[in-house]
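Participant: Let's see this in three dimensions:
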Amino acid sequence: MGVSGSKWTLGRRQTYAGLNASVVDDVGRAVLDKLGLSLRPSQITSGHHLLGRTIVELPTGEGKTIATVFPACAFARRGRKVWIATANDYLAHRDAQWMRPVYDQLGVGVVSIAATMSPSERSAAYESDVVYGTIRSFGFDFLRSQIASEDWRGDVLIVDEADSILIDEARTPMVISSSGGSTEPERNGAEEACFRWAANVASQLRIDVDFVWLEDRGQTALTTIGRRSALDSVMPPQMRSLTTTEILHAVERSIQANQTLFRDVHYVVEGDGICLVDEYTGRKSVDRTLGGGLHQAIQAREGLTITSSNCPIARITVMEFVDRFRHVCGLTATAWEDRQELKSVYGCDVQRVESECPSKQVRSTDRIFATADEKWKAIEGETVSMVSAGRAVLIGTRTIELSERLSEQFRRAGIEHQLLTARNHEAEASIVAEAGRPGRVTIATNLAGRGTDIQLTDDVRRAGGLHVIVSEPHASSRIDRQLMGRGARAGDPGTACLFASGEDEILAQAFGRDFSRRSAASVTPASLARKLARAQRMVARQHRIERASSNASQQRLGEALRSLGMPPHTTPLPSN
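Facilitator: Below you'll find the predicted structure:
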């Protein structure tokens, strides 16, 4: 399947001086006529900046969705094709539907890309003036066109939640694979038996005796003792056709899965399969699988049907994909701390646009505890206090597992609440619609961290607004800020507080598991607060280094393939 149109090429980067007055007038009139809203100066200023290669940092609640209409309309009137990348499918559909009457009045065609679309429907959708979708939907459609040898070009890309897509998602490549399974049933049976056997063996091996775990690299290696122990274990007869290297590889992948990939944290089990969960958005990634045998190792550990290993045939990173557009711009509430990376990687400046109505959110002093149990008990107490005052409460957690654990704690305490995770994302709209009512408590993963607009009732406003609890510092302080940004939007009152403990995951990521286990007994709240801030900086720096290294490697590979006259993003299918 491909997107019709002219050849996809790396075009000249273009900038524009500013918005045409007629565009401002026409958009303002359409927004008022169709939505009953008046434009804000911050939206017009943002629209002006977006005509250049710029990422706009606009405070939460200022109306980024409307601000994108200015550049979309301006470019569309020049005959340009505009794609608007949102953080997820839900927001792509929501924003396209909400803005459709505005675009209709402006004479601009608009559509959103849906996963359920047929190839012909997707091709037709790309003929529209403005297309809403996720960066992964756009990227995978590009890869499909490359496989089919259908060239297409990128023109204008407007990125909503730009830091999430351009920074956080940049570490995850988009890969299309074909089944790498053998045509011989015996071979497939041997591989399945091997992964099940390896899952059992790995569970019995001892760290630092049978294998070493390089936590900073996320890698494992069997020791001489471990290799001998594994090979001496009783193997099913189906494995006789496998080499020693293949057998030990399966064991090491099983160890790696045991050390790094956990149920209801990194994936959920659905029926007879697993679905990965995006750590930054909290949403299911239905189009992703793990490579190198890790996916099969998890399936074996969970007792599920083991699928064949896939053979990658097309691959591109977000960085590579975005660089193929003639014009790139975007918006987010949290871009300033990453302005240097956005400039060096994407050539985008960062402009801050101030709100005409400064935030009324009051952030309490961070509450630091020695142990996680103490922290969760304190969160329970604060929630009860807020509910008693007639407030609405949003509690953000890092994983599905932690959300469900807190939900069970609240259930035992008799605290009524709603739970929003990747397990029940279909109910997102209805849960969010009720989240601003008096006494309403919502526990959510990062699913509720971006694009979630919680409307408050008048009673909640009078009581002090939405109270946001960040239950644990995330790997990036931007994610904490995004969650807090769900409250006190557009002049509403609100409060926020971050809770942390010496057992939080960020400390283990930065300083290792040993520090995390010792910290509860050996540090004071003041020193722990400093450690937490340092940990976030360390992890953010490491992620920047990894992204830069990945980008450099991909560029070298692409240049090498081009020098050989080969396409840089596709691999020919092996002949049978």
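Participant: Would you map the strands across the stretch 351-500 of the chain?
Facilitator: 360-363, 367-369, 392-396, 418-420, 441-444, 466-470, 493-501 (DSSP state E, counting those that start in this stretch).
Participant: low-scoring stretches of this structure, by residue?
Facilitator: Within the chain, the set of residues satisfying pLDDT under 70 comprises 1-18, 151-153, 178-187, 216-217, 310, 448-449, 451, 514-523, 566, 570-576.
Participant: and it, what are its domains?
Facilitator: For the chain, the domain assignment from automatic domain parsing gives the residue ranges 21-174+316-352, 181-308, 360-501.
Participant: what's the span of the first one, first residue to last?
Facilitator: Terminal residues of domain 21-174+316-352 lie 22 Å apart, using C-alpha to C-alpha, to the nearest Å.
Participant: go on, the last one?
Facilitator: The straight-line separation of the ends of domain 360-501 (C-alpha to C-alpha) is 27 Å.
Participant: can you give me how far that domain is from the chain middle?
Facilitator: For domain 360-501, the gap between its own C-alpha mean and the chain's C-alpha mean amounts to 19 Å (C-alpha atoms, centre = their mean, to the nearest Å).
Participant: same check, this time on the second one
Facilitator: Taking C-alpha atoms, centre = their mean, one finds the center of domain 181-308 at 24 Å from the center of the full chain.
Participant: And for the longest one?
Facilitator: The chain centroid and the centroid of domain 21-174+316-352 are separated by 17 Å under C-alpha atoms, centre = their mean.
Participant: quick revisit: distance to residue 167 and mean neighbour count for the strands of the stretch 351-500 of the chain - can I get that in a markdown table?
Facilitator: To be clear about C-beta, it is placed using only N, CA and C from the backbone, and glycine gets the same treatment. Formatted as a markdown table, the entries for the strands of the stretch 351-500 of the chain read as follows, by distance: least, C-beta to C-beta, whole Å; neighbours: other C-beta atoms under 10 Å:
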| stretch | distance to residue 167 | mean neighbour count |
| --- | --- | --- |
| strand 360-363 | 23 | 17 |
| strand 367-369 | 27 | 20 |
| strand 392-396 | 19 | 27 |
| strand 418-420 | 24 | 21 |
| strand 441-444 | 22 | 24 |
| strand 466-470 | 19 | 27 |
| strand 493-501 | 21 | 23 |
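Participant: a markdown table please, covering the ones you listed and showing distance to residue 168.
Facilitator: Listed next are the strands of the stretch 351-500 of the chain as a markdown table, based on distance: least, C-beta to C-beta, whole Å:
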| stretch | distance to residue 168 |
| --- | --- |
| strand 360-363 | 23 |
| strand 367-369 | 26 |
| strand 392-396 | 16 |
| strand 418-420 | 20 |
| strand 441-444 | 18 |
| strand 466-470 | 17 |
| strand 493-501 | 20 |
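Participant: Could you name the stretch from those strands that's closest to residue 114?
Facilitator: When those are ranked by distance to residue 114, counting by C-beta to C-beta, first place goes to strand 418-420 at 21.6 Å.
Participant: Pairing partners for the closest one, with directions?
Facilitator: Strands adjacent to strand 418-420 in the sheet, as given by DSSP bridges, are strand 441-444 (parallel).
Participant: Restrict the partner strand to CA atoms and write it as PDB.
Facilitator: What follows is the C-alpha trace of strand 441-444 in PDB, where atoms were taken according to Å, rounded to 0.1, in the frame of the first residue of the first chain:
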ATOM      1  CA  VAL A 441     -10.800  10.400  42.100                       C
ATOM      2  CA  THR A 442      -9.000   9.100  38.900                       C
ATOM      3  CA  ILE A 443      -6.000   6.900  39.000                       C
ATOM      4  CA  ALA A 444      -4.200   6.800  35.600                       C
END
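Participant: Not counting it itself, show me its contacts.
Facilitator: The set of residues that contact strand 441-444 without belonging to it, under C-beta atoms under 8 Å, 6 or more residues apart in numbering, is 282, 383, 387, 392-397, 403, 406-407, 410, 415-421, 431-432, 435, 448.
Participant: again, 7 Å this time
Facilitator: Taking C-beta atoms under 7 Å, 6 or more residues apart in numbering as the criterion, the residues outside strand 441-444 that touch it are 383, 387, 393-397, 403, 406-407, 415-421, 431, 435.
Participant: Same check on stretch 486-501?
Facilitator: Residues external to stretch 486-501 that are found in contact with it (C-beta under 7 Å, 6+ apart): 60-61, 357, 359-364, 366-372, 374-375, 378-379, 394, 448, 452-454, 456, 461, 464-473, 480, 484, 532.
Participant: what does stretch 334-345 give?
Facilitator: In this structure, residues lying in contact with stretch 334-345 by C-beta under 7 Å, 6+ apart are 55, 57, 162-163, 166-167, 319, 348-350, 352, 478, 481-482, 544, 551.
Participant: Please check those and keep the buried ones.
Facilitator: Neighbour counting over the contacts of stretch 334-345 (16 or more other C-beta atoms under 10 Å) leaves 55, 57, 162-163, 166-167, 319, 348-350, 478, 481-482, 551 as the buried ones.
Participant: Find the pair from these with maximum spatial separation.
Facilitator: When C-beta to C-beta is used, the two most widely separated members of the buried ones among the contacts of stretch 334-345 are 481 and 551, lying 25.0 Å apart.
Participant: Quick check: residue 233 touching residue 203?
Facilitator: No. Using C-beta atoms under 7 Å, residue 233 and residue 203 do not qualify as a contacting pair, with a distance of 11.5 Å.
Participant: Among those two, which residue is more densely surrounded?
Facilitator: The residue with more neighbours, out of residue 233 and residue 203, is residue 233; 15 against 11, by other C-beta atoms under 10 Å.
Participant: Can you get me a residue count around the nearest residue to the more buried one once chain neighbours are set aside?
Facilitator: Setting aside the residues directly before and after it, residue 233 is nearest to residue 201 in space (C-beta to C-beta, 6 or more residues apart in numbering), at 5.2 Å. One way to gauge burial is a neighbour count; for residue 201, by other C-beta under 10 Å, it gives 23.
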